[in-house]
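1. Give the three-dimensional model of this entry:
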Amino acid sequence: KELIAEALHYGGVRSQGPLVKVNCSALSETLLESELFGHVKGAFTSAVTDKIGRFKKADGGTIFLDEIGDVSLNVQQRLLRVLQEKEFERVGESTSIKVDVRIVTATNQDLREKVRRREFREDLYYRLKVMVLSPPPLRDRRKDIPLLVEHFIKKLNQKLKKSIEDVSRDVYKIFMDYEWPGNVRELENTLEHSFVLCNKSIITAQDLPIELRERKTTYYVNVKSKEYEIILQALEKSQWNKTRAANSLGISRRTIYNKIKEYNIRPK
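-> From the prediction side, this is the model:
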């Protein structure tokens with residue numbers, strides 16, 4: 001979700017402005033209200049100084065509100081006003097503050113059902129629902145896995161000061177078969193776990209979390225049918241251009257030629 005919010009921000013006309021992220025489910029109603037809109041000294045017990053809210057910090061840019069479905073009705077009312085009037089007041093203050101902010105939200109809840117149960121304001125729902133993006137789960141875009149693995153290896157090498165080059169072929173097979181209920185975040189966490197354990201240049205199956213290691217045995221039962229389907233799909237999408245198909249799967253041209261021969265893959 002955060003990667004998509006970053007792509008929307010940095011790929012748009014507001015890219016020179018700030019990008020501010022808020023996890024709405026991580027804060028109580030009072031703290032969230034203060035975090036979003038700010039407060040003045042003495043507004044509540046722990047308000048010992050004035051505070052600038054996230055909306056003010058995002059002025060001229062984008063604010064990303066994650067888990068918007070967890071926001072209380074009171075905060076929803078205040079968000080609606082920001083959307084309609086482009087202004088708000090800090091907690092404990094009556095002076096209005098004007099802002100120009102693009103709002104991007106995300107949720108794993110069914111907001112239409114929450115509207116039906118009157119747990120989410122219908123007017124706010126339609127205000128937010130200008131453009132809806134529903135990214136497919138990682139299991140439905142497995143060809144992205146090699147690209148994501150390459151990206152996270154570079155990122156984790158910098159973060160953990162290591163020099164890991166790649167993951168083994170067995171690991172790639174496990175990754176391609178796994179359902180990834182936690183999507184991209186789970187893949188990143190899996191690789192970070194493996195980075196901590198790995199003392200070689202290549203991550204092997206022994207470095208994976210136990211739930212993925214245990215899948216290794218069951219994987220080889222259906223690896224051939226899975227590989228056949230994945231390679232055939234890539235070839236059909238590339239109109240049987242083997243180089244493009246290999247690139248989309250993150251494998252070499254030689255490998256895809258060997259697999260075509262091994263599985264006797266032909267156009268229907």
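
2. Past the host helix or strand of residue 32, which element shows up next along the chain?
-> Element membership for residue 32, per DSSP states H and E: helix 29-37. The C-terminal neighbour of helix 29-37 among helices and strands, as given by DSSP H and E, is strand 38-39.

3. Which elements pack onto that following strand?
-> Secondary structure elements in contact with strand 38-39, counted by 3 or more CB pairs under 8 Å, 6 or more residues apart in numbering; DSSP states H and E, are strand 51-52. For the C-beta atoms, the positions are set from N, CA and C on the backbone; glycine is no exception.

4. For the next helix or strand after the strand it packs on, give me every contacting residue.
-> From strand 51-52 onward toward the C-terminus, using DSSP H and E, the following helix or strand is helix 54-57. Helix 54-57 is contacted from outside by 18, 20, 22, 35-38, 63, 82, 88, 97, 99, 101, using CB atoms under 8 Å, 6 or more residues apart in numbering.

5. pLDDT weak spots in the stretch 1-150 of the chain?
-> Across the stretch 1-150 of the chain, the ranges flagged by pLDDT under 70 are 43.

6. which residues of it fall in helices?
-> Counting by DSSP state H, counting those that start in this stretch, the stretch 1-150 of the chain has helices at residues 2-10, 29-37, 54-57, 73-85, 111-116, 122-128, 145-160.

7. ok, and for the shortest one, which residues are buried?
-> Within helix 54-57, the residues scored as buried using 16 or more other CB atoms under 10 Å are 54, 55, 56.

8. Ok, the fourth one next?
-> Of the residues in helix 73-85, 75, 76, 78, 79, 80, 82 count as buried by neighbour count, 16+ other CB under 10 Å.

9. what would the helices of the stretch 1-150 of the chain look like in a markdown table with distance to residue 247?
-> Listed next are these as a markdown table, based on distance: least, CB to CB, whole Å:
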| stretch | distance to residue 247 |
| --- | --- |
| helix 2-10 | 21 |
| helix 29-37 | 44 |
| helix 54-57 | 41 |
| helix 73-85 | 43 |
| helix 111-116 | 38 |
| helix 122-128 | 38 |
| helix 145-160 | 10 |
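
10. closest to residue 260 out of those helices?
-> Set against residue 260 and scored by CB to CB, the helices of the stretch 1-150 of the chain come closest in helix 145-160, at 18.3 Å.

11. what residues does the closest one touch?
-> With CB under 8 Å, 6+ apart, helix 145-160 has contacts from 138, 162-167, 172, 175-176, 184, 187-188, 191-192, 195-196, 249-251.

12. Name the residues of it that come out as buried.
-> 145, 146, 148, 149, 151, 152, 153, 156.

13. just stretch 62-73 next, same as before
-> 62, 63, 64, 65, 66, 67, 68, 69, 70, 71.

14. Can you flag the buried ones in the contacts of helix 145-160?
-> Looks like these have 138, 164, 167, 172, 175-176, 184, 187-188, 191, 195, 249-251 buried, using 16+ other CB under 10 Å.

15. which of those lies closest to residue 120?
-> The closest of these, once distances to residue 120 are taken by CB to CB, is residue 184, at 26.3 Å.

16. May I have the phi/psi pair for the closest one?
-> Phi and psi for residue 184, reported as degrees, to the nearest 10, are phi -60, psi -40.

17. Do I have it right that it meets residue 3?
-> Yes - contact criterion CB atoms under 8 Å: residue 184 and residue 3 qualify, at 7.1 Å.
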